[in-house]
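> Here's a sequence, model it:
(one chain, ligands or ions: 1)
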Amino acid sequence: MENASKNIFLIGLMGAGKTTIGRALARRMRLQFLDSDHEIEERTGVSIRTIFELEGEPGFRARESATIADLTLRSGIVLATGGGAILLEETRKCLHERGIVIYLRARPEDLYKRTKHDRDRPLLQNDDPLSKLRSLLEARHSFYEQTAHIVIDTAEQGVPRLISTIEQHLLAFQSHT
Ligand code: S3P
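Have a look, this model is predicted:
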């Protein structure tokens, strides 16, 4: 791991709290917060929804992979990634080798509660978003687990409690490396 002691990367499904927790963690650790979806929108000048409409999921994944390859070269950052960032092997490698990767694990029912009013996530705009979240978790959980150095169950914990749980895990992880 090159910049591992200085970078933290958050992975997990849509609605896991990567952006909210990432922002709070960055503030607490005095690191810079970045969000890969936001960065892709800045770079292209259009929304994620529009990228999916124009280029489909493969086009979006290519942009996501290039953006994450670039952002993970920095140091001193907390990066919240999009839920599907772990789908491509090269992206998993960038994340795992260039920082400490934290998987924010949550149950599909909780993810559904947090995303049900959202209209900006193309993969959830269908008749049964809860089933979609279940099948995404089924398809992705092994990628999340193999990419992560630390797995945190978000369950019903509030943000302050999650931040202190994450800090404890980071300390334990760093004392082993
Ligand atoms: C996606 C998750 C989204 C965004 C895009 C695709 C996914 O990010 O990258 O809509 O494939 O799970 P969030 O996890 O931040 O919602």
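> could I have stretch 74-85 exported to CSV, CA atoms only?
Taking C-alpha atoms only, stretch 74-85 is exported to CSV below (Å, rounded to 0.1, in the frame of the first residue of the first chain):
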residue,chain,number,x,y,z
ARG,A,74,-3.5,11.8,-4.2
SER,A,75,-2.8,11.6,-0.6
GLY,A,76,-4.5,12.9,2.5
ILE,A,77,-8.0,12.2,1.2
VAL,A,78,-11.3,10.5,2.3
LEU,A,79,-12.9,9.3,-0.9
ALA,A,80,-16.6,8.3,-1.1
THR,A,81,-16.9,6.0,-4.1
GLY,A,82,-20.1,5.1,-6.1
GLY,A,83,-21.7,1.8,-5.1
GLY,A,84,-20.5,0.0,-8.3
ALA,A,85,-16.9,1.2,-8.2
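> just how off-centre is that stretch within its chain?
Here the centre of stretch 74-85 is set off from its chain's centre by 6 Å, with CA atoms, centre = their mean, to the nearest Å.
> Are that stretch and the ligand in contact anywhere?
Yes. Using CB under 6 Å from any ligand atom, stretch 74-85 reaches the ligand at 82-84. Placement of C-beta: from N, CA and C, glycine included.
> Over to stretch 119-126?
Yes. Using CB under 6 Å from any ligand atom, stretch 119-126 reaches the ligand at 121-123.
> need the residues of stretch 74-85 next to the ligand in TSV with neighbour count, pLDDT and distance to Ser175, can you?
Output for these, formatted as TSV (neighbours: other CB atoms under 10 Å; pLDDT from 0 to 100; distance: CB to CB, whole Å):
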residue	neighbour count	pLDDT	distance to Ser175
Gly82	23	98	31
Gly83	24	98	30
Gly84	20	98	32
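> Which of the residues you listed sits closest to Glu145?
Closest to Glu145 out of the residues of stretch 74-85 next to the ligand is Gly83 (14.4 Å), distances taken as CB to CB.
> now that closest one, what's its secondary structure?
Put simply, Gly83 is coil when judged by DSSP: H, G, I helix; E, B strand; the rest coil.
> what's the helix or strand for the residue nearest to Leu162 when sequence neighbours are not counted?
Counting by CB to CB, 6 or more residues apart in numbering, Leu162 lies nearest to Ile21, which is 5.8 Å off, once chain neighbours are set aside. Ile21 belongs to helix 18-29 when assigned by DSSP states H and E.
> what residues does that helix touch?
When contacts are defined by CB atoms under 8 Å, 6 or more residues apart in numbering, helix 18-29 is touched by residues 8, 10-12, 31-33, 35, 77-81, 104, 154, 159-160, 162-163, 166-167.
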